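Novice: okay, here's the prediction I keep looking at, along with the sequence it came from:
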Amino acid sequence: MQRYFFIMMVLLLTACSAQTNDAQSGNPLADSNKLVVYSGRSESLVKPLIDRFQQETGIQVQVRYGSTPEIAATLLEEGRNSPADVFYAQDPGGLGAVAAAGMLAELPAAILQKVPARFASADGQWVGISARARVVVYNTNALSEDDLPTDLWGFTEPQWRGKIGWAPTNGSFQAMVTGMRAIWGDDETRRWLAGIQANNPVVYEGNTPIVAAVGAGEVEVGFVNHYYLYRFLAEQGEGFVARNYFLPDGGPGSLLMVSGAGILKTAPNAANAQRFIEFLLSVESQQYFADQTYEYPVVAGVVLNPLLPPLAELDAQAVNITLSDLADLAGTAAMLSELGILP
């Protein structure tokens with residue numbers, strides 16, 4: 001009986017392995033009507049697009065939502081056993097960590113050519129989907145732009161004690177810190193982080209609660225991505241007393257980053273994954289990002305939301321950094337833990 005059980009298990013594992021290999025090579029054994037997306041982007045932002053993809057293609061999409069660092073860690077833990085087809089990340093850091101582990105497939109040239117080279121990884125393993133700028137959101141009842149520092153170092157001054165909101169567990173914040181490390185070096189980055197810590201910043205879970213807190217006067221400033229403010233203005237009108245401040249001296253506080261997507265090497269439904277990324281880069285989907293989420297499109301032929309300053313005007317473009325420089329998420333997390341900013 002034990003010998004029979006052992007033989008059956010070997011046969012079952014062999015069959016599963018063959019099916020996985022067939023799926024990777026486009027064999028009909030792969031489920032042609034299914035797609036599994038691991039999303040580091042929030043459901044409120046991307047579910048309407050995923051629903052539209054399902055309606056237009058008939059492909060049934062299963063989505064696992066979480067923060068980009070959480071999703072990246074899950075993929076690294078699952079390894080070759082992951083059921084994911086697509087990793088859709090909030091920022092390049094998570095994608096870089098998964099790519100460094102050898103888990104992402106090289107994307108077809110037809111996909112990579114849809115965006116400027118600066119909006120894709122140099123090795124072609126992931127592509128940018130939408131662009132976002134780092135900004136400082138501030139309370140207009142308490143401050144004017146003249147009261148604000150011209151770069152991030154100004155917020156280490158004692159006058160900002162108890163007035164700053166930040167989200168150390170947020171993927172975009174960690175990408176900004178990774179940018180600091182690339183631009184300033186680790187020692188200067190530690191010094192900036194220690195300076196902010198000394199000012200007792202209020203910790204939030206993400207960008208949305210920071211913007212809400214600034215608008216409510218709980219804190220006077222916060223480090224966020226640009227597009228969150230516009231969602232509040234759309235819902236609450238011009239009476240919402242928070243606005244974005246694009247740091248005039250640029251630097252890592254003005255980084256231009258992208259959300260991005262890659263296809264897992266072990267994707268059981270690789271053809272559907274490619275179709276999904278092509279859908280996200282279509283003019284229709286890119287217009288959704290511009291109109292509904294207030295992000296910057298990354299393909300040509302899309303009308304920029306008039307609320308946004310043109311990319312050419314952002315100081316972020318003057319920052320000498322590539323998206324691949326934002327890939328060392330593990331090193332940034334280790335630094336934040338070392339300083340007691342992350343548990």
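Specialist: Perfect, I can see it now. Being a predicted model, the structure only gives us computed values, none of them experimental.

Novice: going forward, measure contacts and count neighbours with C-alpha atoms only.
Specialist: OK.

Novice: which stretches in this protein count as helices?
Specialist: 2-24, 43-57, 68-78, 92-100, 109-112, 171-184, 186-198, 207-216, 227-236, 270-280, 283-288, 329-338 (DSSP state H).

Novice: which one of those is the most hemmed in?
Specialist: Mean neighbour counts were taken over the helices of the chain using mean count of other C-alpha atoms under 10 Å, and the top value, a mean of 26, falls to helix 92-100.

Novice: which other helices and strands contact that helix?
Specialist: For helix 92-100, the elements it packs on are helix 68-78, helix 171-184, strand 256-263, helix 329-338, judged by 3 or more C-alpha pairs under 8 Å, 6 or more residues apart in numbering; DSSP states H and E.

Novice: only alpha carbons, please: show the first one as CSV.
Specialist: As requested, C-alpha coordinates have been extracted for helix 68-78 and formatted as CSV (Å, rounded to 0.1, in the frame of the first residue of the first chain):
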residue,chain,number,x,y,z
THR,A,68,4.1,46.3,-3.1
PRO,A,69,6.7,45.2,-0.4
GLU,A,70,4.3,42.5,0.9
ILE,A,71,3.5,41.2,-2.6
ALA,A,72,7.2,41.2,-3.5
ALA,A,73,8.0,39.2,-0.3
THR,A,74,5.2,36.8,-1.1
LEU,A,75,6.5,36.1,-4.6
LEU,A,76,10.0,35.6,-3.3
GLU,A,77,8.7,33.1,-0.7
GLU,A,78,6.6,31.2,-3.2
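
Novice: quick one: it to chain centroid distance?
Specialist: Between the centre of helix 68-78 and the centre of its chain there are 13 Å (C-alpha atoms, centre = their mean, to the nearest Å).

Novice: of the helices of the chain, which is nearest W126?
Specialist: helix 92-100 (7.3 Å; C-alpha to C-alpha).

Novice: avg pLDDT for that closest one?
Specialist: Across helix 92-100, pLDDT averages out at 88.

Novice: rewinding a little: with mean pLDDT and distance to I210 as extra columns, can I get the helices and strands packed on helix 92-100 in a markdown table?
Specialist: Below are the helices and strands packed on helix 92-100 laid out as a markdown table (pLDDT from 0 to 100; distance: least, C-alpha to C-alpha, whole Å):
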| stretch | mean pLDDT | distance to I210 |
| --- | --- | --- |
| helix 68-78 | 94 | 18 |
| helix 171-184 | 91 | 12 |
| strand 256-263 | 93 | 19 |
| helix 329-338 | 92 | 19 |
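
Novice: can you tell which of these is closest to E43?
Specialist: Closest among the helices and strands packed on helix 92-100, using C-alpha to C-alpha: helix 68-78, at 12.5 Å.

Novice: below-threshold pLDDT in the stretch 151-300 of the chain: ranges please.
Specialist: Counting by pLDDT under 70, not a single residue of the stretch 151-300 of the chain qualifies.

Novice: so which bits of stretch 116-124 are buried?
Specialist: F119, A120, S121, G124 (16 or more other C-alpha atoms under 10 Å).

Novice: ok, those vs G102, which is closest?
Specialist: G124 (12.6 Å).

Novice: show me what contacts A100?
Specialist: Going by C-alpha atoms under 8 Å, 6 or more residues apart in numbering, A100 touches no other residue.

Novice: distance of it from G93?
Specialist: A100 sits at a distance of 10 Å from G93 (criterion: C-alpha to C-alpha, to the nearest Å).

Novice: surely P83 touches K34?
Specialist: No. Applying C-alpha atoms under 8 Å, one finds P83 not in contact with K34, separated by 11.2 Å.

Novice: span of stretch 59-72 from start to end?
Specialist: This stretch, stretch 59-72, spans 24 Å end to end (C-alpha to C-alpha).

Novice: try stretch 98-113
Specialist: Separation of the first and last residues of stretch 98-113 by C-alpha to C-alpha is 22 Å.

Novice: what of stretch 202-221?
Specialist: 10 Å.

Novice: cool, stretch 273-289 as well?
Specialist: Start-to-end, stretch 273-289 (C-alpha to C-alpha) is 20 Å.

Novice: would you point out which residue is most central in the chain?
Specialist: Note on the chain: the residue nearest the mean C-alpha position is Q90, at 1.3 Å, using C-alpha atoms, centre = their mean.

Novice: skipping adjacent residues, who's closest to that one in space?
Specialist: S259 (4.4 Å; C-alpha to C-alpha, 6 or more residues apart in numbering).

Novice: residues near that neighbour, how many?
Specialist: 24 (other C-alpha atoms under 10 Å).
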